[in-house]
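Peer 1: Can you look at this prediction? I've put the sequence above it.
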Amino acid sequence: MYALGSNSDNVNEYNLSTAWVVSSAVYSAAFSVFSQEGAPQGMFFRADGLKMYIVGGVDSVFQYTLSTPWSVATASYDSISFSVTAQETTVHGVFFKPNGLSMYVVGPTNDFVLQYTLSTAWSVSSATYLQSFSIAGQENTSRALFFTGDGSRMFVCGTASVGPNVYNLSTPWDISTAAFVNVLNVSSQDTFIAGIYIKPDGTKMYTLGNSSDVVYQYTVPSIDIQLTGPTSAAALDVQQDLNVYGKTTVANLTASLQNYKETVVSIGNSSTTKTISLTNGNVQTCTLTGNCVFTMPTAVAGKSFLLFLYTGAGSFTASFTSVKFPGGSAPTISTTASRTDLLSFVSDGTSWYGSYVQNYS
């Protein structure tokens, strides 16, 4: 877990002994950004943990490289920044589209979310202003910004709101299509929110309080649905978003799906062993931080999933238990740093069958 604030010039790193449980956090390390930003307010990490971006009391986004993924102690300034002074005098929140080609910022001066296009992925020096979205009806001093993994939902926090303001985007990642939905009231924990993060599977929300200097953890309720017998559209008509994380039993149901979306779930760093679970979803990501043996889930007929394997610092190996690959040969993972190998797995109920494409930059 990572946190920062305007009273210190450090990015602080914490280790959690229990994954996703903030009460298990222990301070680990810090990295000073004072040479670029004396009052940091917001940060963003790339999915492979090798890039970090900092914003704060000035009008610029600062870019850093981590030689060891997710270890802020190994961070160094890239001598690359981007000024948004033509649109905003101070930047307090920053977010990137997963492909690194779009950047979003908010600040306390103007009532807008700002969107920029990057001609070179993840290089802020290549950014150009694209468009803005007014949030004046909800917030006039923005402090934090977050998007869901598919870009269909946006959260904006600030001093004028009792909690995160939620917006739906009819076209993912295009803020001009955003529409306000509601505000999540968390005022019983703090006067306003200075930071927000949503767990990739949507089951947990984390906020950073402004006055209390506390990270708060919230559970997003699951929904158990049981449908038995013939069910017609007249009996079940879902017009809003439906996220199901609990047990679902469906019998004799004819259904059509519209605007179906899958969520990309990060299963973290690999270390030297990693167990893959189907409960994490059909699209998973993992960053190699060592020579790793991946333990596959039980082979269930018809089950399949994709694994985006990020090479991290490079020169790591990966093997998979009980998988049959074409020609009987497992892939040699790309050794170049910051590359992506895409592996696909499908089961016939007895074995897992794997295929792969590699070396995406």
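Peer 2: Yep, that arrived.

Peer 1: pretty sure residue 144 contacts residue 192?
Peer 2: No - counting by CB atoms under 8 Å, residue 144 does not reach residue 192; the two are 9.7 Å apart. Backbone N, C-alpha and C define where each C-beta goes, glycine included.

Peer 1: who has more neighbours, these two?
Peer 2: Taking neighbours as other CB atoms under 10 Å, residue 144 and residue 192 compare with residue 144 leading, 25 against 21.

Peer 1: what's the nearest residue to residue 90 if we skip its chain neighbours?
Peer 2: Closest residue in space to residue 90, ignoring its immediate chain neighbours: residue 107 at 4.8 Å, by CB to CB, 6 or more residues apart in numbering.

Peer 1: in the protein, which segments are predicted with low confidence?
Peer 2: 5-6, 221-262 (pLDDT under 70).

Peer 1: how about 80 then?
Peer 2: The model of the chain has pLDDT under 80 over residues 5-8, 140, 161-162, 191, 209-212, 220-263.

Peer 1: how much space is there between the residue nearest to residue 335 when sequence neighbours are not counted and residue 286?
Peer 2: Excluding its sequence neighbours, the residue lying closest to residue 335 (CB to CB, 6+ apart) is residue 315, at 5.0 Å. Residue 315 is 16 Å from residue 286, where distance means CB to CB, to the nearest Å.

Peer 1: Could you do residue 125 as well?
Peer 2: Applying CB to CB to residue 125 and residue 286 gives a distance of 29 Å.

Peer 1: neighbour count winner among these two?
Peer 2: Neighbours were counted for residue 125 and for residue 286 using other CB under 10 Å; residue 286 has more, 23 against 14.

Peer 1: what sits against the more buried one?
Peer 2: Going by CB atoms under 8 Å, 6 or more residues apart in numbering, residue 286 touches 266-270, 274, 307-310.

Peer 1: before we move on, what SS does it have?
Peer 2: Look at residue 286: counting by DSSP: H, G, I helix; E, B strand; the rest coil, its state is strand.

Peer 1: Show me what it bridges to in the sheet.
Peer 2: Beta-bridge partners recorded for residue 286 (DSSP bridges): residue 309.

Peer 1: What's the local residue count around residue 358?
Peer 2: So residue 358, with other CB under 10 Å, has 15 neighbours.

Peer 1: Test my guess that it contacts residue 336.
Peer 2: No - the pair residue 358 / residue 336 is not scored as a contact, 10.2 Å apart, by CB under 8 Å.

Peer 1: Residue 182 versus the residue nearest to residue 90, what's the distance?
Peer 2: From residue 107 over to residue 182 (counting by CB to CB), the distance is 23 Å.

Peer 1: Looking at those two, which is more packed in?
Peer 2: The neighbour count for residue 107 versus residue 182, taken as other CB under 10 Å, is higher for residue 107 (27 against 11).

Peer 1: give me every residue that touches the more buried one.
Peer 2: Contact analysis of residue 107 by CB under 8 Å, 6+ apart lists 84, 88-93, 114, 142.

Peer 1: How about residue 219?
Peer 2: Neighbours of residue 219 in contact, by CB under 8 Å, 6+ apart: 203-204.

Peer 1: From the recorded domain assignment, give the ranges for the protein.
Peer 2: 2-219, 264-360 (automatic domain parsing).

Peer 1: so which of the ones you listed is the most packed in?
Peer 2: domain 2-219 (a mean of 18; mean count of other CB atoms under 10 Å).

Peer 1: Quick one: end-to-end length of that one, please.
Peer 2: Start-to-end span of domain 2-219 (CA to CA, to the nearest Å) is 19 Å.

Peer 1: which residue packs closest to residue 303, ignoring adjacent ones?
Peer 2: Spatial nearest neighbour of residue 303, chain neighbours left out: residue 347 (4.9 Å); criterion: CB to CB, 6+ apart.

Peer 1: what about the one you found, distance to residue 324?
Peer 2: 10 Å.

Peer 1: Among the contacts of residue 286, find me the one that's closest to residue 280.
Peer 2: Among the contacts of residue 286, residue 267 lies closest to residue 280 (CB to CB), at 5.8 Å.
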